[in-house]
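Please find the sequence and the predicted model below.
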Amino acid sequence: MEMNRRTVIAGAAAAGVAATALGGTAQAAQAKGGSQKPVKKLFGKLADGTSVHSWSLANGGTRMKVLSYGGIVQSLEIPDRRGRYANVSLGFATIEDYVAKSPYFGALIGRYGNRIDKGRFALDGKSHQLSVNDGANSLHGGAQGFDKRVWDVEPFTKGSDVGLYLYYTSVDGEMGYPGTLKAKVTYTLTAHGDWRVDYEATTDKATVVNLTSHVYWNLAGEGSGSVYDHELKIAASRYTPVDSGLIPTGELAAVAGTPFDFRRHKTVGEDIREAHQQLLYGQGFDHNWVLDKGITARPEQIATLEDPSSGRTLRIATTEPGLQFYSGNFLDGTFAGTGGRIYRQGDALCLETQHFPDSPNQPDFPSTVLRPGQVYRSTTVHSFN
């Protein structure tokens, strides 16, 4: 596999197609699949004058830009079968767009990824009311979740790896959550071009935590059109059905015989228009798959996404028990992305590794409670061909 990647990248170098965005010697090194140490630039400023920086880094044929605002992956570039690079992650060109209207493009999500019913939960006999920002529910940490915070960023180089440490402290009571939570997220680009995300968190009071990443993928390139012809495989025999508010009912339902069966490769669009009640609720797929492997100490492969037109493939491995597959149902043509193209329904999809939605209110789901003295840890690895 590595030999194939090097062949592709060497071909790209010979054709001169990899020398588009990095400049100078870093450009030449990256064309050969080499590494580029993180480079910091001013991206913009928030209304209160806070500076937002971008960090450019590259390794093993993968190039990415990360913002200190929300830990956002603004772009992630990989080559196709002919060595031609494209940005496969949806995003915006300005900080103003991210602040004003972003549907979590590329962002770090917390303190709790996904939905909590009516923004309420009880812990150790005490009720907590969270920020409500999705109808009657709390979504992705509330109105000012981790995706809308400026993170402290520290670059690193370790052996053949390059990456970023991102730090954020969420104070007790922020968005209604108990406890001061200290979060550390590590983005690593490996010599093989893998993007690894390691999450850690500690708290001084019992709380709930569910951190994830919300990259919108289109392996043909952002702004290139629908992903319905992408082929997807998910190692899950069950999923969590939802009610009309997209809150899990508590059932773990079999995928067999339903549009939710992705145990073998099939196109995203193959069953998306079936008159299934769950698809009507989500206007497509917006559900949590119960991964067959469960919680694991080390990342195990759980999903593969392929674009036949470009030959690009994404493989995801994780320690988490769930995967939220969202088929870009609410992209409505009101967003223009980094490439100057309008994003419409189905123009990207998300594969969010996670614990299950509404777990604080579902005693039969894996627990998301974190207590003082414990360390929250989770890892997800994205591998590209």
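Nice, I can see it. Residues are numbered from 1 along each chain as shown.

K182 touches D152, doesn't it?
No: judged on Cβ atoms under 8 Å, K182 makes no contact with D152 at a distance of 11.2 Å. Where C-beta positions appear, they are placed from N, C-alpha and C, glycine not excepted.

Could you check which of the two has the larger neighbour count?
K182 (14 against 11; other Cβ atoms under 10 Å).

Which of the helices or strands spans that one?
strand 181-189 (DSSP states H and E).

what's the next secondary structure element after that strand?
strand 195-203.

rewinding a little: now the common contact residues for K182 and D152.
Y167 (Cβ atoms under 8 Å, 6 or more residues apart in numbering).

burial count for the nearest residue to M64 once chain neighbours are set aside?
Counting by Cβ to Cβ, 6 or more residues apart in numbering, M64 lies nearest to L76, which is 4.6 Å off, once chain neighbours are set aside. The tally of other residues near L76 (other Cβ under 10 Å) stands at 24.

Would you quantify the distance from L76 to A201?
24 Å (Cβ to Cβ, to the nearest Å).

cool, P38 as well?
For P38 relative to A201 (Cβ to Cβ), the value is 23 Å.

and G250, what helix or strand is that in?
Per DSSP H and E, there is no helix or strand for G250.

Point out where the stretch 1-150 of the chain drops to low pLDDT.
In the prediction, the stretch 1-150 of the chain carries residues with pLDDT under 70 at positions 1-33.

let's see it at 80
1-34 (pLDDT under 80).

Tell me where it has strands.
36-45, 51-59, 62-67, 73-79, 85-87, 107-109, 115-116, 120-123, 126-129, 138-139 (DSSP state E, counting those that start in this stretch).

possible to save the ones you listed as CSV with distance to S378?
What follows is the strands of the stretch 1-150 of the chain, written out as CSV (distance: least, Cβ to Cβ, whole Å):
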stretch, distance to S378
strand 36-45, 23
strand 51-59, 22
strand 62-67, 18
strand 73-79, 17
strand 85-87, 26
strand 107-109, 12
strand 115-116, 18
strand 120-123, 20
strand 126-129, 22
strand 138-139, 19
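
of all the ones you listed, which lies closest to P259?
Of all the strands of the stretch 1-150 of the chain, strand 115-116 sits nearest to P259, with 20.8 Å by Cβ to Cβ.

quick check: angle from the strand holding K182 to strand 36-45?
Here the directions of strand 181-189 and strand 36-45 differ by 130 degrees (axes from the mean of the first three to the mean of the last three Cα atoms, to 10 degrees).

May I see the buried residues of strand 181-189?
181, 183-189 (16 or more other Cβ atoms under 10 Å).

got it, and stretch 295-305?
299-300, 302-305.

want to throw those residues into JSON lines with distance to S327, secondary structure and pLDDT?
As requested, these are exported to JSON lines (distance: Cβ to Cβ, whole Å; DSSP: H, G, I helix; E, B strand; the rest coil; pLDDT from 0 to 100):
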{"residue": "P299", "distance to S327": "24", "secondary structure": "coil", "pLDDT": "98"}
{"residue": "E300", "distance to S327": "24", "secondary structure": "strand", "pLDDT": "98"}
{"residue": "I302", "distance to S327": "17", "secondary structure": "strand", "pLDDT": "98"}
{"residue": "A303", "distance to S327": "14", "secondary structure": "strand", "pLDDT": "98"}
{"residue": "T304", "distance to S327": "16", "secondary structure": "strand", "pLDDT": "98"}
{"residue": "L305", "distance to S327": "12", "secondary structure": "strand", "pLDDT": "98"}
